[in-house]
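# Got a predicted structure plus its sequence, pasted below:
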Amino acid sequence: MKKLSLTLIGLYLLFLHGFSQVTEHYTSIFQAKPLKIEEINLVTSYYSQTGTHSAVTGGGNGVYGGITLNGSEQLTDFANMLELKLVGYGETGLKHTILAGLGIDHHTAASQRWISSTGASSPEGTRVYPSINWTEENEEKGTEFGFGSYYSHEYNYNSFALDGHYGFKNKTGGEFTGKVSAYFDQVKLIYPSELIPATAIAGVTPYDVNIIKTNASGGGGGGGIYVGGDSKPSIPTSPRNTYTGSLTYSQVVNKSAQFSLLLDIVKQDGWLGLPFHRVFFKDGSEKIENLPHSRLKIPVGARFNYFIGDDLIVRTYYRFYTDDWGLVSHTASVELPYKITPFFSVSPFYRFYTQTATKYFAPLGMHASSDTYFTSNYSAAAFNSNYFGLGLRSAPPGGFEGTYLSALELRYGHYSQSTDLNSNVISLHFTLK
């Protein structure tokens, strides 16, 4: 994908170079400019998490039914993202922007050791995710449209996405943007070793059983699937597709205030859980989680920003979310960027979140074996959370002397959830021009 992205950029550069050879008539009207790098962004971050309700062990910790469960949600993630912004103008004066990005995350997770009942699975993983986005803008008319492509790969997951967007501005300070996107994912069906093959197959739909029988080596219901230290003959995959439509309207009220309204409609189908998420039932039996193969999500949100003098901005945000799995949530946040000097600012922030449980969630040992759908993943439970922290940003006029660095931002955040999940994240953002 990285090679493909670089090839596309190269072809586009050649395309614009050809455009730059314009006639004398057009040259007298517009100044064609080939693509050049306008900005480089590098973000590096470190994330750490603790908790005791890992879905891999059925959301439990301790001894249940004679089985010792390690519900540790301890996780660390080191992420790096590089983004290049290239800008150029064609012979007709239209602005062309390409955003090319490459991200690499490396994580360690205690729960990965317990995907296999032997505890032999690797606790580490790496995710690589390149992206490319092209936009054409008519600055005179205030219109733009563009397309994007994204890819993500990790040991048990592959994702490819495409999107398209269109936007226009009106004469009263308003801006409308519409976007559609589609994600096509493949999930590796890695089962807990003690649930292969019979019990695992009893816990999934006939659709997934057919996938297992067709793709797993050894035949006869997935005898070739194995998780542990030995070789894996063949691990089947299952699709997951996500389609999103987004509408955003932004309006400048006056020199001090502006707001935005946001609406998304998200439709998912395919395997919407993970096969190594265990569920323990009231009768002591054990299966993998089983969820419906479709989900409709509808988030609605609003932003309101207010400038108090020249030094303080009040940024607020609210979102309401509902879906056909019964989950309802509310998010509210505020951020207060304050300029201590013309080129140095601090930004304290706070976010509150609350959600109801989906109708398919129950804690360890609370599901009935007669249930059709079931999960003990606490991301589907009812909980409240708080996230707060501080950002520091320095952007001297003309950048940092003797370097290409134009801005530097450091952010720290602490997250706490009522399910006893806690995390900390620190990030550093470099902008070069």
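Ah, there it is.

# Next up, the contacts around the residue most central in space within the chain.
Taking C-alpha atoms, centre = their mean as the criterion, Ser152 is the residue nearest the geometric centre of the chain, at 10.4 Å. By C-beta atoms under 8 Å, 6 or more residues apart in numbering, the contact set of Ser152 is 127-129, 158-159. Every residue, glycine included, has its C-beta placed from N, CA and C.

# List only those of those flagged as buried.
127, 129, 159 (16 or more other C-beta atoms under 10 Å).

# pretty sure the last one contacts Tyr183?
Yep, that's Ser159 we're talking about. Yes: Ser159 is within contact range of Tyr183, at 5.8 Å (criterion: C-beta atoms under 8 Å).

# got a list of what Ala302 touches?
So, once contact is read as C-beta under 8 Å, 6+ apart, Ala302 ends up touching 259-262, 317-319.

# Which single one of those residues is nearest to Arg393?
Taking C-beta to C-beta as the measure, Arg393 sits nearest to Tyr317 out of the contacts of Ala302, at 18.9 Å.

# wouldn't the closest one be in contact with His330 here?
No: between Tyr317 and His330 there is no contact under C-beta under 8 Å: 11.4 Å.

# who has more neighbours, the two?
Tyr317 (17 against 14; other C-beta atoms under 10 Å).

# Sketch out the helices for this structure, chain order is fine.
2-20, 24-27, 198-202, 206-215 (DSSP state H).

# which of those has the lowest average pLDDT?
Of all the helices of the chain, helix 206-215 carries the lowest average pLDDT, namely a mean of 36.

# Report the beta-bridge partner residues of the closest residue to His330 other than its chain neighbours.
Computed as C-beta to C-beta, 6 or more residues apart in numbering, the closest residue to His330 that is not its neighbour in sequence is Thr354, at 5.4 Å. Beta-bridge pairing of Thr354 under DSSP bridges involves His330, Asn384.

# show me what contacts Thr354?
So Thr354 contacts 329-330, 383-385 (C-beta under 8 Å, 6+ apart).

# go again using 7 Å as the cut-off
Thr354 makes contact with 329-330, 384, according to C-beta atoms under 7 Å, 6 or more residues apart in numbering.

# Correct me if wrong: Arg411 contacts Phe388.
No: here Arg411 does not reach Phe388: they are 11.6 Å apart, not a contact under C-beta atoms under 7 Å.

# Among those two, which residue is more densely surrounded?
Using other C-beta under 10 Å, the more surrounded residue of Arg411 and Phe388 is Arg411, with 18 against 15.

# how close does the residue nearest to His330 sit to Asn386?
Distance of Thr354 to Asn386, computed by C-beta to C-beta, to the nearest Å: 10 Å.

# rewinding a little: please read off the pLDDT at the residue nearest to His330 from the model.
98.

# Residue numbering should commence at 27 henceforth.
Got it, first residue is 27 now, which makes that one Thr380.

# Show me where this structure dips below the pLDDT cut-off.
Along the chain, segments meeting pLDDT under 70 span 27-57, 143-148, 223-260.

# switch to 80 and redo it
Applying pLDDT under 80 to the chain flags the ranges 27-57, 91-93, 142-149, 219-261.

# Look through it and tell me its longest strand.
Ordering each strand of the chain by length in residues (DSSP state E) puts strand 59-76 first.

# Quick check: closest non-adjacent residue to Ile66.
Per C-beta to C-beta, 6+ apart, closest to Ile66 is Leu458, 4.2 Å.

# neighbours of the one you found, just the number please.
Neighbours around Leu458, by other C-beta under 10 Å: 16.

# Any figure for the gap between it and Glu65?
7 Å.

# go on, Asn412?
On the measure of C-beta to C-beta, Asn412 and Glu65 end up 34 Å apart.

# Check Ala394 too.
Taking C-beta to C-beta, one finds Ala394 at 56 Å from Glu65.

# Compare the two (neighbour count), which wins?
Glu65 (15 against 10).

# contacting residues for the more buried one?
Glu65 touches 111, 457, 459, counting by C-beta under 7 Å, 6+ apart.

# mind redoing it with 8 Å?
Glu65 neighbours (C-beta under 8 Å, 6+ apart): 110-111, 457-459.

# Tabulate the contacts of Ser178 in JSON lines, adding columns for distance to Gly92.
Shown next, in JSON lines, are those (distance: C-beta to C-beta, whole Å):
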{"residue": "Arg153", "distance to Gly92": "36"}
{"residue": "Val154", "distance to Gly92": "41"}
{"residue": "Tyr155", "distance to Gly92": "42"}
{"residue": "Asn184", "distance to Gly92": "38"}
{"residue": "Ser185", "distance to Gly92": "39"}
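
# Grab the nearest non-local neighbour of Trp351.
Thr384 (4.3 Å).

# what's the neighbour count on the one you found?
Thr384, neighbours per other C-beta under 10 Å, totals 22.

# I figured it was touching Leu353, is that so?
Yes: with contact defined as C-beta under 8 Å, Thr384 reaches Leu353; the gap is 4.8 Å.

# Show me the common contact partners of these two, please.
Ala406.

# thinking again about what came up before, which one of the contacts of Thr380 is nearest Gly199?
For the contacts of Thr380, the nearest to Gly199 is His356 (29.0 Å; C-beta to C-beta).

# Would you mind measuring from the closest one to Glu435?
From His356 to Glu435 the distance is 28 Å (C-beta to C-beta).

# Then Ala328?
25 Å.

# Name all residues that make contact with the closest residue in space to Asp337 that isn't next to it in sequence.
In space, and not counting its chain neighbours, Asp337 is closest to Lys365: 4.4 Å by C-beta to C-beta, 6+ apart. Contacts for Lys365 (C-beta under 8 Å, 6+ apart) come out as 336-338, 371.

# ok, now Asp103?
With C-beta under 8 Å, 6+ apart, Asp103 has these contacts: 71-74, 131-133.

# just Ala105 next, same as before
69-73, 129-132.

# now those residues in a markdown table, with distance to Arg139 and neighbour count?
As requested, the contacts of Ala105 are exported to a markdown table (distance: C-beta to C-beta, whole Å; neighbours: other C-beta atoms under 10 Å):
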| residue | distance to Arg139 | neighbour count |
| --- | --- | --- |
| Val69 | 29 | 18 |
| Thr70 | 27 | 14 |
| Ser71 | 24 | 17 |
| Tyr72 | 21 | 13 |
| Tyr73 | 19 | 18 |
| Gly129 | 25 | 16 |
| Ile130 | 23 | 14 |
| Asp131 | 19 | 18 |
| His132 | 17 | 14 |
